[in-house]
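S.K.: A structural model of the following input is requested.
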Amino acid sequence: QGFASFDRSVLLQIEHVLQERERLLLRTQTKRSAFTILGKTPNEETSSMGTDESHPAVTPRAVSQLKDIDPEVFDDGDFYHQLLRELIECKTAATDSNDQLAWGRQWLEIQKLRSKVKKKVDTKASKGRKIRYNVHSKLLSFMAPVDNSCISDEARTELFRSLFGKSQKLEPSPANGNTPGPEGAACPACYGV
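M.R.: Residues are numbered from 1 along each chain as shown. Sure, this is the predicted structure:
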């Protein structure tokens with residue numbers, strides 16, 4: 001407590017704090033805000049918060065606080081409040097209004113940050129005076145597709161018409177007198193017939 005912690009190493013300070021393990025556990029198991037625990041009815045919550053035999057060294061004055069202790073709760077909000085308090089004290093102590101040297105250092109740090117944020121802009125590149133382009137890598141092994149399908153143009157047209165609901169039956173062509181086969185029928189040329 002007090003300034004004695006300045007003379008001790010960090011490990012000794014941690015060891016000193018952990019000597020009061022029961023007190024630390026009670027601090028973290030204290031229900032500090034009004035919330036309900038999922039899976040418990042309000043009757044179960046009040047019955048689990050009564051005086052507990054697991055804490056026999058508790059004074060009668062602390063019995064009222066034991067009502068708020070629940071082993072299912074872990075609340076370390078006081079730890080974070082202490083850290084926040086220390087951070088605020090540290091920052092306000094560093095920027096004392098009478099300390100001109102600290103203000104000067106802070107102003108220099110801000111100026112360094114501003115110079116880092118400032119972007120270098122080419123002023124001659126505006127108004128179309130400079131062409132902007134990205135170089136693409138060369139295409140390798142590029143070749144136009146070769147159509148190896150055996151479907152005629154008429155059959156392909158019929159297929160696409162049937163897909164989009166504009167199906168019209170083709171009349172037999174007068175050139176060869178045959179009716180077109182069903183879509184997807186293999187042509188004899190594909191099998192070497």
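S.K.: Can you tell me which helix or strand of the protein has the lowest average pLDDT?
M.R.: helix 63-66 (a mean of 54; mean pLDDT, DSSP states H and E).
S.K.: which residues make contact with the helix or strand following that helix from outside it?
M.R.: Once helix 63-66 ends, the next helix or strand along the chain (criterion: DSSP states H and E) is helix 77-94. Contact with helix 77-94 is made by R27, R32, A102, as judged by C-beta atoms under 8 Å, 6 or more residues apart in numbering. Using the backbone N, CA and C atoms, a C-beta is placed for each residue, glycine as well.
S.K.: tell me the mean pLDDT for helix 77-94?
M.R.: For helix 77-94, the mean per-residue pLDDT is 78.
S.K.: Show me what the next helix or strand after it packs onto, helices and strands only.
M.R.: Counting by DSSP H and E, the next helix or strand C-terminal to helix 77-94 is helix 100-117. Of the remaining helices and strands, none touches helix 100-117 by 3 or more C-beta pairs under 8 Å, 6 or more residues apart in numbering; DSSP states H and E.
S.K.: between helix 100-117 and helix 77-94, how many degrees?
M.R.: Inter-element angle recorded for helix 100-117 and helix 77-94: 100 degrees (by axes from the mean of the first three to the mean of the last three C-alpha atoms, to 10 degrees).
S.K.: residue ranges of the helices in the chain, please?
M.R.: 10-18, 21-28, 42-48, 63-66, 77-94, 100-117, 153-163 (DSSP state H).
S.K.: Pick out the shakiest of these, pLDDT-wise.
M.R.: For the helices of the chain, where the average pLDDT is lowest is helix 63-66, sitting at a mean of 54.
S.K.: before we move on, back to that, looking at the helices of the chain, which is closest to H136?
M.R.: helix 100-117 (32.5 Å; C-beta to C-beta).
S.K.: what comes up buried for the closest one?
M.R.: Applying a neighbour-count criterion of 16 or more other C-beta atoms under 10 Å, helix 100-117 contains no buried positions.
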